[in-house]
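Student: Quick one: sequence and predicted model below, then my questions.
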Amino acid sequence: MHDKHSTIYEDLEFQGSNNIENKLERATYENCNFVQYNFSNSDLSNFIFEDCSFKDCNFSSCKLTGTAFKKVTFNNCKLLGTDFSECNTFLLEFNFDNCLMNLSSFYKLKIKTTHFINCNLVEADFIESDLSSSNFENCDLTNALFENTNLEKVDFRTSYNFIIDPENNRIKKAKFTLNTISGLLAKYEIEIEH
């Protein structure tokens, strides 16, 4: 169903440069690849990206009000301060590999089975989000916010610097290692020796 936009771009590759003049038309993009595109501080409100990939792109501080990301992958992208909580939540699905995502927000999003691989998520906001069955592989979660978050079956075994309060989050069947378990006990100010 494509009635939101009259223009649909399919099966294209958009090769960007590092200047903002490469503005995209507000449209539906299906099965498109974006490489080295600079979206920083852009308004991508109500764009639709379906089965698209973004590689080496910069999304820092761009506006995503009503933006649809359906089966989208971000690889080696810069997403500083990106507020995904304003996205269109219908069929919202994305994965991140080797991305810089400090200060990004996923507030109240239902993003089950999301893969965060080799990502910097310093001070990211996951408050009240549903991350069940997601995977945080080798991610830096320094000062990331987890509160009333569904973390059931989430894999944290290779991630680090997180602090998660088991009393304020759902962590049933989440995976940790002995090296990472201290992040669950931080509020008790106890010393754990390895």
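Tutor: Alright, I've got the coordinates.
Student: If you average pLDDT per helix and strand, which one of the chain comes out bottom?
Tutor: Using mean pLDDT, DSSP states H and E, helix 182-185 stands out as the lowest-scoring helix or strand of the chain, at a mean of 82.
Student: Packing partners of it?
Tutor: The contact analysis (3 or more CB pairs under 8 Å, 6 or more residues apart in numbering; DSSP states H and E) places helix 182-185 against no helix or strand. C-beta: built from backbone N, CA, C; applies to glycine.
Student: Any chance you could give me that helix in PDB, C-alpha atoms only?
Tutor: Extracted in PDB, the C-alpha atoms of helix 182-185 (Å, rounded to 0.1, in the frame of the first residue of the first chain):
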ATOM      1  CA  SER A 182      28.300  -6.800  37.800                       C
ATOM      2  CA  GLY A 183      26.100  -4.500  35.600                       C
ATOM      3  CA  LEU A 184      23.100  -6.100  37.300                       C
ATOM      4  CA  LEU A 185      24.300  -5.400  40.800                       C
END
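Student: So which bits of that helix are buried?
Tutor: 183-184 (16 or more other CB atoms under 10 Å).
Student: ok, and what's touching it?
Tutor: The set of residues external to helix 182-185 that reach it, using CB atoms under 8 Å, 6 or more residues apart in numbering, is 156, 161-166, 171, 176, 192.
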